[in-house]
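Return atomic coordinates for the entry below.
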Amino acid sequence: MEFLQILFGMKRAHKRIVSLVVDALFLCLAFWAALLVRIDDFVVLANTHYWLLLLTVVPVSLVAFAKLGLYRAVLRYMGSQALTAIAIGVLLSTVSLVLFAFYLDAQLPRTVPIIYAAFSLVLIGGSRAIVRSMVGSGMTRIGEPVIIYGAGVSGRQLLTSLVQSHEYHPFAFVDDDISLQGNVIQGVHVHSPSIIKKLITQKSVNKVLLAMPSATRAKRQEILARLEPLAVQVLTIPAMSDLVNGTKLYSDIKEVEIDDLLGRDAVNPREDLLSSNIKDKVVMVTGAGGSIGSELCRQILKQSPKKLVLFELSEFALYAIDRELNAIAKELGLNVRILPMMGSVQRENRVQAIMESFGVQTVYHAAAYKHVPLVEHNVVEGVRNNVFGTLYTARAAIAAKVDTFVLVSTDKAVRPTNVMGTTKRMAELVLQALSREQNTTRFCMVRFGNVLGSSGSVVPLFRTQIANGGPVTVTHPEITRFFMTIPEASQLVIQAGAMGKGGDVFVLDMGKSVKIVDLAKKMIRLSGFEVRSEKHPEGDIAIEFSGLRPGEKLYEELLIGDDVTGTEHERIMTANELFLSWSEYSLILDRLDQACHVFNHEAIRDILLKTPTGFAPTDGICDLVYQQKAKNTDAAKKVINLVS
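The predicted model follows:
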């Protein structure tokens, strides 16, 4: 192995020279061995015709091998192409042997070319296979032992990548395909999943690499459920789309995507609905730098709008999404003008000026404060941004003659127990009321649950807590949530917006709700740890319950009533819900505006309760400024009482 390390440490040009010399010696050996096997007399070595024949055949053979690319192939990665080059090269060498023997009148026995071809294949091909095997067997022993789940094309590619990395030692394959079980791939045996626990114990394996990028989410969830009790860290290779377009390598293993745990496959979007309100149009996204807003921008860009207006309050968020979208447009060769615009949706004149200046035709309104406890602690700003920000943006759209206006809403707007959910329901009522007052702009709203990986999502929080050794904090043992990936949610928002007729409330099919404590347990186990509890005090990471936060619900809903109908899209429904006329609602908004202006929190709470939103608060007024003022007032009263 030391000699091989020296050999592989040489420069590429020097390696090719060594290969040429060795192949020349092998061809000479094959030629003389073929003659001796046939004639069985060393007298043939004195025949000058044979020496002349060899001097012509060897250079021709080496040129043939070079033209076939044999010396461009890297020995340690040698595959079927190199073997094909050897076979064709030996065939050409044998043909040249026959032709030169005829023209040089070398009196070559007829069976010698056949024996020569056999010896050449064995020496040239076999020597390379032996060296490759030695290199592979020597390098696979280096690194942490791992099991590769999936012995298909992706699994074999992953094995080849890992053998060279020195970081991992793939010592076994596991595959559900019975036809693959029992096979040996590059020296690694393929086993049935039924013995994976035995394999893990045998080598004290801590990691299983999932090499099934094209498997359905349901299939991946089934596999993860099988691996979860084993308390090994499960890593996965990138998605097939990333592997195909070259943005990721097989060796770029990562933690299991949390959406694999949900087990629901995304429905392919309908291209006609995606492009309906976007292609060759001027599109504006408010809150363009947020989790949903930024993904909406990415999906919109792919549909080739004429212009894409990014409206964002945060300077850094706007800078980041503008830079990213310009890079995507350049990479995809899209001729889309991207316009980064700073501003707040609470400034109606700014919003209207932008819409009119650029001739905006479609608006996706994603700007909102969405974090429940933060809005509970900052009530006035939550109302200002979510209710009046939507009102001002909608009025600006009407004034600028925008065709379509789509509000990104939330499941927390249904029977809300918090200010954030209530403000989003009031924002829906704004659009429903305005929709019946004019025919210029078509308003619709799309309601859905939590998205995986968004800012404030539990998933990145759990990952951080697990990486730090715990504990993992869950608010309540019974709390559940609906989840959906950000790309799927964004695509469905765009498609729903294309189906709106005016005042529509669309509801996305979020699948089954997920128990958060179960999600936490799965993430802990699939990270290679045991859950610590009273029954298992020897576990690694504990789960602690911190209690429900202000305004937080145990269960989320997507519908207020039962009057729900399907649409032409299987994942999008439409709800017929209570709404107010603009004449009624505008009076409520005027009172709410005045209450916010003077920071009258009691009046704000009273208005929110009396508006038909279904608001049923679980806490008192949690605004921090309000609470501090109350404390100051109580303290002042105590001082006065003491003095008097």
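
Thr473 belongs to a strand, doesn't it?
Yes. According to DSSP: H, G, I helix; E, B strand; the rest coil, Thr473 belongs to a strand.

What residues does it make contact with?
When contacts are counted by C-beta atoms under 8 Å, 6 or more residues apart in numbering, Thr473 touches 461, 465, 543-546. Every residue, glycine included, has its C-beta placed from N, CA and C.

what's across from it in the sheet?
Judged by DSSP bridges, the bridge partners of Thr473 are Glu544.

By residue count, tell me the biggest helix in this protein.
helix 12-39 (DSSP state H).

Which strands and helices lie in contact with that one?
helix 2-8, helix 48-67, helix 112-120 (3 or more C-beta pairs under 8 Å, 6 or more residues apart in numbering; DSSP states H and E).

Identify each buried residue in it, please.
By neighbour count with 16 or more other C-beta atoms under 10 Å, helix 12-39 contains the buried residues 15, 19, 23, 26-27, 30-35, 38.

how about the contacts of Thr473, which pair is most distant?
Leu461 and Phe545 (14.6 Å; C-beta to C-beta).

isn't Ser96 right next to Val57, touching?
Yes. Assessed by C-beta atoms under 8 Å, Ser96 is found in contact with Val57 at 5.4 Å.

quick one, which of these two is more surrounded?
Higher neighbour count among Ser96 and Val57: Val57, with 23 against 20, using other C-beta atoms under 10 Å.

Walking through the stretch 501-644 of the chain, point out its helices one by one.
Listed in chain order, the helices of the stretch 501-644 of the chain (DSSP state H, counting those that start in this stretch) span 516-526, 582-597, 601-610, 624-643.

whoops, the stretch 101-250 of the chain was the one
So, for the stretch 101-250 of the chain - with DSSP H, counting those that start in this stretch - the helices run 112-120, 126-139, 153-165, 196-203, 217-227, 240-244.

CA atoms of the fourth one as CSV?
Listed next in CSV are the C-alpha coordinates belonging to helix 196-203 (Å, rounded to 0.1, in the frame of the first residue of the first chain):
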residue,chain,number,x,y,z
ILE,A,196,-30.2,-3.4,10.6
LYS,A,197,-30.3,-3.5,14.4
LYS,A,198,-27.7,-6.3,14.4
LEU,A,199,-25.5,-4.4,11.9
ILE,A,200,-25.6,-1.3,14.1
THR,A,201,-24.6,-3.2,17.2
GLN,A,202,-21.9,-5.1,15.3
LYS,A,203,-19.9,-2.0,14.4
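
Give me the contacts around that helix.
Contact partners of helix 196-203, identified using C-beta under 8 Å, 6+ apart, comprise 145, 147, 171-172, 174, 191, 205, 208, 226-227, 230, 232.

of these, closest to Thr286?
For the contacts of helix 196-203, the nearest to Thr286 is Leu227 (42.4 Å; C-beta to C-beta).

That closest one: what's it in contact with?
Contacts of Leu227 (C-beta under 8 Å, 6+ apart): 149, 196, 208, 234, 526.

and the third one, how many neighbours?
Spelled out, that is Val208. Neighbour tally, Val208, other C-beta under 10 Å: 27.

do Gln221 as well
For Gln221, using other C-beta under 10 Å, the count is 19.

now swap in Leu55 and tell me
Leu55 has 11 neighbours, counted by other C-beta under 10 Å.

pLDDT value on it, please?
pLDDT recorded at Leu55 is 87.

Contacts for stretch 416-429, please.
For stretch 416-429, the surrounding residues in contact (C-beta under 8 Å, 6+ apart) are 368-372, 375-376, 379, 382-383, 386-387, 390-391, 407, 409-410, 412-414, 445, 447, 505, 550-553, 579-580, 585, 608, 611, 613-618.

cool, stretch 89-106 as well?
With contact meaning C-beta under 8 Å, 6+ apart, stretch 89-106 is reached by 27, 31, 47, 49-50, 52-53, 56-57, 60-61, 64-65, 68, 70, 107-108, 113-114, 116-117, 120-121, 124.

Run a quick neighbour tally on Val283.
By the criterion of other C-beta under 10 Å, Val283 has 27 neighbours.

go on, Arg323?
Using other C-beta under 10 Å, Arg323 has 12 other residues around it.

Look up how far Ser294 lies from it.
According to C-beta to C-beta, to the nearest Å, Arg323 stands 11 Å off from Ser294.

pLDDT value on the closest residue to Val345 other than its chain neighbours, please?
Residue nearest to Val345 in three dimensions, not counting chain neighbours: Gly389, with 3.7 Å by C-beta to C-beta, 6 or more residues apart in numbering. pLDDT for Gly389: 97.

follow-up on the earlier one: show the buried residues in the contacts of stretch 89-106.
Going by neighbour count (16+ other C-beta under 10 Å), the contacts of stretch 89-106 have 27, 31, 50, 53, 56-57, 60-61, 64-65, 68, 70, 108, 113, 116-117, 120-121, 124 buried.

Quick check: the farthest pair among the contacts of Leu227?
Maximum distance among these (C-beta to C-beta): 14.2 Å, for Ile196 and Leu526.

neighbour-wise, which of these two wins?
Neighbour count, other C-beta under 10 Å: between Ile196 and Leu526, Leu526 has more, with 24 against 20.

and the residue nearest to Ser61 when sequence neighbours are not counted, what element?
Computed as C-beta to C-beta, 6+ apart, the closest residue to Ser61 that is not its neighbour in sequence is Ser93, at 3.7 Å. Using DSSP states H and E, the element containing Ser93 is helix 80-103.

from memory Leu519 sits against Val458, does it?
Yes. The criterion here is C-beta under 8 Å, and Leu519 meets it with Val458 at 7.4 Å.

any residues in contact with both of the two?
Joint contacts of Leu519 and Val458 (C-beta under 8 Å, 6+ apart) do not exist.

Need phi/psi at Arg447.
Per-residue torsions, Arg447: phi -110, psi 130 (degrees, to the nearest 10).

Offset the numbering so it begins at 611, please.
All set: I'll call the first residue 611, so the last point we hit is now Arg1057.

Pull the contacting residues for the residue nearest to it when sequence neighbours are not counted.
With C-beta to C-beta, 6+ apart as the measure, Ser1019 is the residue that lies nearest to Arg1057, at 4.3 Å, once sequence neighbours are left out. Shown in contact with Ser1019 (C-beta under 8 Å, 6+ apart): 1034, 1037-1038, 1055-1058, 1115.

Mind giving me the PyMOL select for the contacts of helix 806-813, buried ones only?
Burial among those is assessed by 16+ other C-beta under 10 Å; the matching PyMOL selection reads:
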select buried, resi 755+757+781+782+784+801+815+818+836+837+840+842
